[in-house]
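# heads up, no residue letters with this:
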Ligand code: MN
């Protein structure tokens with residue numbers, strides 16, 4: 001990405017909260033190859049700490065997390081000053097009807113279904129970032 005004067009613009013910073021190590025490796029490789037900065041957290045509470053410290057531009061939130069699930073974590077982000085404006089995209093293998101609605105009700109901007117399509121993921125992420133008004 002290049003700015004008005006041709007300088008290379010830094011790409012967005014994405015926080016990925018995911019308990020499955022294979023998915024963490026896969027998604028971080030795909031996003032880093034696209035030039036994104038990626039921070040990983042393997043559970044919700046440590047994701048919240050990382051978000052407070054690093055203020056990512058977008059959070060990719062696995063829904064099936066141990067202890068505190070992605071819906072509850074999204075509600076926590078939405079209730080936390082400073083983190084409440086960061087877009088959250090749910091990532092879930094749940095295919096039950098109503099999951100999309102439940103993600104949106106918890107405060108997610110949208111939903112990406114697992115298994116992750118590595119070819120589509122960069123476009124999906126860019127699309128969610130483009131919808132977010134920059135501060
Ligand atoms: Mn999981």
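The structure has been received and is ready for your questions. Model, not experiment: these values are computed from the prediction. Residues are numbered from 1 along each chain as shown.
# hang on, isn't residue 12 packed against residue 58?
Yes - using C-beta atoms under 8 Å, residue 12 makes contact with residue 58 at a distance of 6.2 Å. No exception for glycine: its C-beta is placed from N, CA and C like everyone else's.
# Name the SS class of the residue of the chain found nearest the ion, please.
At 3.9 Å from the ion, residue 64 is the closest residue in the chain, using C-beta to the ion. Secondary structure state of residue 64, per DSSP: H, G, I helix; E, B strand; the rest coil, is coil.
# Which strand or helix spans the residue sitting nearest the centre point of the chain?
Nearest residue to the geometric centre of the chain (C-alpha atoms, centre = their mean): residue 60, 1.6 Å. Using DSSP states H and E, residue 60 sits in strand 58-62.
# Mind listing the strands that strand pairs with, and their directions?
Partners of strand 58-62 in the sheet, by DSSP bridges, are strand 13-17 (parallel), strand 88-92 (parallel).
# Quickly find the element holding residue 127.
Per DSSP H and E: residue 127 is located in helix 121-131.
# Next secondary structure element downstream of the helix or strand bottoming out on mean pLDDT in the chain?
Here the helix or strand of the chain ranked lowest by mean pLDDT, DSSP states H and E is helix 99-106, holding a mean of 88. Once the chain leaves helix 99-106, the next helix or strand it forms, by DSSP H and E, is strand 110-113.
# Run through the neighbouring helices and strands of that following strand.
Packing contacts for strand 110-113, counted by 3 or more C-beta pairs under 8 Å, 6 or more residues apart in numbering; DSSP states H and E, involve strand 88-92, helix 99-106, helix 121-131.
# Redo those as TSV? Include distance to the ion and mean neighbour count.
Formatted as TSV, the helices and strands packed on strand 110-113 follow (distance: least, C-beta to the ion, whole Å; neighbours: other C-beta atoms under 10 Å):
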stretch	distance to the ion	mean neighbour count
strand 88-92	8	24
helix 99-106	14	17
helix 121-131	17	15
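# closest to residue 29 out of the ones you listed?
Judged by C-beta to C-beta, the one of the helices and strands packed on strand 110-113 that comes nearest to residue 29 is helix 121-131, at 10.6 Å.
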